[in-house]
Structures are given as structure tokens and as C-alpha cells.
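Trainee: I would like to see how this sequence folds:
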Amino acid sequence: MSNLMSFSNRWHSASELKQGDNCYAVSTTLSREYKILLSGNIFSEDSDLLETVVDTDSAMVIYTPTVNTLYGEAIRRKFSQLKGGERVSFFELAVTEKNKEIEMSLEVCRLAKEINFPRNGQIIAVGGGVCLDVVGFAASIYRRGVKCIKVPTTFIGMIDAAVGIKNGINYEGKKSVLGSFYPAEYTFVCPGFLNTLAVEHLKAGFAEAIKIAIIKDATLFGKLVNVSTHMNEEKLQSAIGWEVVDRSVAGMLMELSENLYELDSYQRYVDFGHTFSPHIESATNYKVSHGEAVAIDIALSAVISAQRNLLAWDTCQVIIDTLKSAGLSVTVPAEVETVALYESLAAIVAHRAGALNLVIPVTIGTVAYIEHWCELSCGQLQQAVTYLESHDD
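Mentor: Presented below is the predicted three-dimensional model:
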């Protein structure tokens, strides 16, 4: 990934007022540029990236307890070395998928208000995808929007949550019902953080990388196959590991950039793995993590495609085996009833403006859609669930 710091940061709008008889019309454009930079640890003593982007006159840092334990001292020391760094405020926020609710984002707003955080300030979020969503949503609503910098510390955060511009918040037991389209000013992807990442979080990110590989990048898929069996030991701390992160980020950005605000269409290839997974997460009270649920969703979608003779069965099995080789389960948890899983698609159809748009693989690198809910029966879904159970060895 090339150095993006040479790009100027442009956030501006332009409007035009038109007036007719008893009628006014305002046309407006909003231009924003956000940057994702792959780098070494930005909190190391030899990195000067923070100096180029942080305004220490009006900055606050929010990190999770895990980040504070592992890196808190280094983070605070790094900011203390910046000119005016003593003015930066630090807060620890214990966020989980279970409490990723509006109250947590409002807590960020409360902390900002407590220090009289200004409208031109920067909220810097350091943590996993949940932390980035909660803080990103808070940044989008505090004083109608303040700047945000995201530093993901998990695999899934690096290639998914921090790459797009959506900030999703759960509401009344439903996944990501609330949220905003609000880009971070900068995102720093530092694969070195993966060296201390727990195995379950590493596996969760692997599922999102597989998603990108299947929808558009057969080369990435081959590299994931190569690293899957020893990923937990090496933590992607190798040239091929960093390339996996880079290609995953690039693939995600290429897909998102074609319809960033989801205004042109509700058909998105990056929704692969995200049709059945929301219900699997919530039905298990988030015992199954987002990435783990995505892996199950990918496996279900692959089997459904093979059952329709769109995907070759041997390719379907390669997908399943690759997920399993990374330590991911591909079977629907026992507490998730197939009928309830099928009925949960009503919420997906509502979210996608009346269409199911289930993404299914055709080959490694190409996908198709099952556009309408009526094209998929509960019986067909049950057959896919049963197939995965019977082949879980």
C-alpha cells in the first residue's frame, strides 16, 4: 500500500439555492476524503505518523481495557512526546458485542462533554471493531460530527470495521439496527498488533478475509489457504501475512468505493457472509462472535450455491475445509433453530429495501445473488444446515 500521507485532506461542501414560484430547492454536495495507511506500530518511538495528523490542542484517546493493558503505557508515552501532548485526554471504555448499544456511544459523548471537547477536536479510537463502531458513531453525533481517527488492533477491525465508513450499533437485540455513514479522517492499519491478538479474534478476522477472497480475489484465497494451518502460531507476522492484510484491505475498499453510501443499490458483494450471521450472533447472545458467524454464513451460502449447481461441489468443499483449517466452525449452533434463522431473513429483506440479495459463490473470485426471498425455501436452508452437520468431522 502506497504512502497516503501525501494526499491533502479535503472535507468540504458546496450548495446552490434555486427559487421558483412558491418553491425553493437546495442542491448540495459533500466531499470527504478518508485515508487508510498500512504501517508499523504508530506508537513506537521511531514512528512520526501521529505528529503529522494529531492536533494535540483538541484530542482525546479512547481505548479498551485489553489495549490499555497491552499498549496503554506505550500509547501515553508516545503522546507525551508530541508537542502539546500533555493536553491529550485518555479514557478506557469496556465495550463488548453484548453492550454495543447506544448507551455506550452516549458514554463517549458524556466523556467528551466532561472535558468540553470542541467541535474541531479529534477522537482517537484504539481497539477492536466494536470499539471502533461505538466511538465512530459517537463522533458522528457529538456536536453534529467531530473528526475521528481509528487504530484497529484486531484482524477483523483492520480489514473490515475500520476500512468502511459505517458505524453500526445494536438495538433491542437486533444487530446494527442503528448507525451512521461517517468516515474516519485517518485509519492506521498496523499488523504488528496481531502479535498479541487472542486466537479466537484472529480466527474471526480470517473469516472476513475469506469473504473478500471469495468475492473478488482468488490470489488472496490461495494465500489464505497457505497461512490457515499455522496462522495461530505466526499471527500473520510475515511478508505473506502482511500481504494478506493489505490485499484484504484493498479488496474491501475497491468493493465499497463503488457504492460507499449504499445510495445506488442495496446489492453489495461485501454482504457475502452477512445474511444469516446477524441472527446467529444474536440468537446465541453473542457467544458466537461476528467473525465466527460470518464463517458459518459463508459455509451455508456455499452449500446453497452447490445445491443449485452454481458452485462445483469440490470448490464448495475447499471453502469449507479452508474455514475449518483456520479453526472456524461451519455448523449452525444447536440453539439456533432453522425456522427462526429462515424467519430472520425478514429483517434482512427490510434492510435491503425489499430484496434478499443473498450473495452466493460461483467460483473462487466470482459470486451471484439470490435476489428474492421466495427463491429460497426453509426446506432448502435446512438441507444446507444438515449437510454441514453431516460433514463436520
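Trainee: which SSE is residue 316 in?
Mentor: Residue 316 belongs to helix 313-325 when assigned by DSSP states H and E.
Trainee: list the contacts of that helix.
Mentor: 206-207, 210, 214, 221, 224-225, 228-229, 295, 298-299, 302-303, 305-306, 330, 361, 363-364, 388, 391 (Cβ atoms under 8 Å, 6 or more residues apart in numbering). For every residue, glycine as well, the C-beta is placed using N, CA and C.
Trainee: and the helix or strand that that helix is followed by, what does it pack against?
Mentor: Next in sequence after helix 313-325, counting helices and strands by DSSP H and E, comes helix 338-343. The elements that helix 338-343 packs onto, with contact taken as 3 or more Cβ pairs under 8 Å, 6 or more residues apart in numbering; DSSP states H and E, are helix 277-283, helix 378-390.
Trainee: so which of the ones you listed is the most surrounded?
Mentor: Among the helices and strands packed on helix 338-343, judged by mean count of other Cβ atoms under 10 Å, the one packed with the most neighbours on average is helix 277-283 (a mean of 22).
Trainee: next secondary structure element downstream of it?
Mentor: Counting by DSSP H and E, what follows helix 277-283 is helix 290-307.
Trainee: below-threshold pLDDT in the stretch 151-300 of the chain: ranges please.
Mentor: Residues of the stretch 151-300 of the chain meeting the criterion pLDDT under 70: none.
Trainee: sorry, wrong one. I was asking about the stretch 1-150 of the chain.
Mentor: Those would be 1-10, if you go by pLDDT under 70 across the stretch 1-150 of the chain.
Trainee: what about the helices in it?
Mentor: 49-53, 65-80, 102-114, 129-141 (DSSP state H, counting those that start in this stretch).
Trainee: got the ones you listed as JSON lines, with mean neighbour count and distance to residue 242 columns?
Mentor: Putting the helices of the stretch 1-150 of the chain into JSON lines (neighbours: other Cβ atoms under 10 Å; distance: least, Cβ to Cβ, whole Å) gives the following:
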{"stretch": "helix 49-53", "mean neighbour count": "16", "distance to residue 242": "17"}
{"stretch": "helix 65-80", "mean neighbour count": "17", "distance to residue 242": "19"}
{"stretch": "helix 102-114", "mean neighbour count": "17", "distance to residue 242": "31"}
{"stretch": "helix 129-141", "mean neighbour count": "27", "distance to residue 242": "20"}
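Trainee: format those as CSV; extra columns: distance to residue 380.
Mentor: Converted to CSV, these look like this (distance: least, Cβ to Cβ, whole Å):
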stretch, distance to residue 380
helix 49-53, 50
helix 65-80, 41
helix 102-114, 36
helix 129-141, 31
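Trainee: for these, which one sits closest to residue 17?
Mentor: Closest to residue 17 of the helices of the stretch 1-150 of the chain is helix 129-141 (Cβ to Cβ; 26.3 Å).
Trainee: distance from the chain centre to that closest one, please.
Mentor: Helix 129-141 sits 12 Å away from the centroid of its parent chain (Cα atoms, centre = their mean, to the nearest Å).
Trainee: please name every helix or strand in contact with that helix.
Mentor: Where contact means 3+ Cβ pairs under 8 Å, 6+ apart, helix 129-141 is packed against strand 59-63, helix 102-114, strand 122-127, strand 147-152, strand 166-171, strand 174-181.
Trainee: so how far is stretch 360-379 off the chain centroid?
Mentor: Distance of stretch 360-379 from its chain centroid, counting by Cα atoms, centre = their mean, is 22 Å.
Trainee: and the contacts of it?
Mentor: Under the contact criterion Cβ under 8 Å, 6+ apart, stretch 360-379 has outside partners 213-218, 221, 267, 269, 272, 301-302, 304-305, 308, 310-312, 315-316, 318-319, 338-339, 342, 345-346, 349, 355-359.
Trainee: what are the buried residues along that stretch?
Mentor: Buried residues in stretch 360-379, counting neighbours by 16 or more other Cβ atoms under 10 Å, are found at 360, 361, 364, 367, 369, 370, 373, 376.
Trainee: could I get those as CSV with distance to residue 173 and secondary structure?
Mentor: Below are the buried residues of stretch 360-379 laid out as CSV (distance: Cβ to Cβ, whole Å; DSSP: H, G, I helix; E, B strand; the rest coil):
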residue, distance to residue 173, secondary structure
360, 27, strand
361, 30, strand
364, 35, coil
367, 30, strand
369, 28, strand
370, 26, strand
373, 22, helix
376, 24, coil
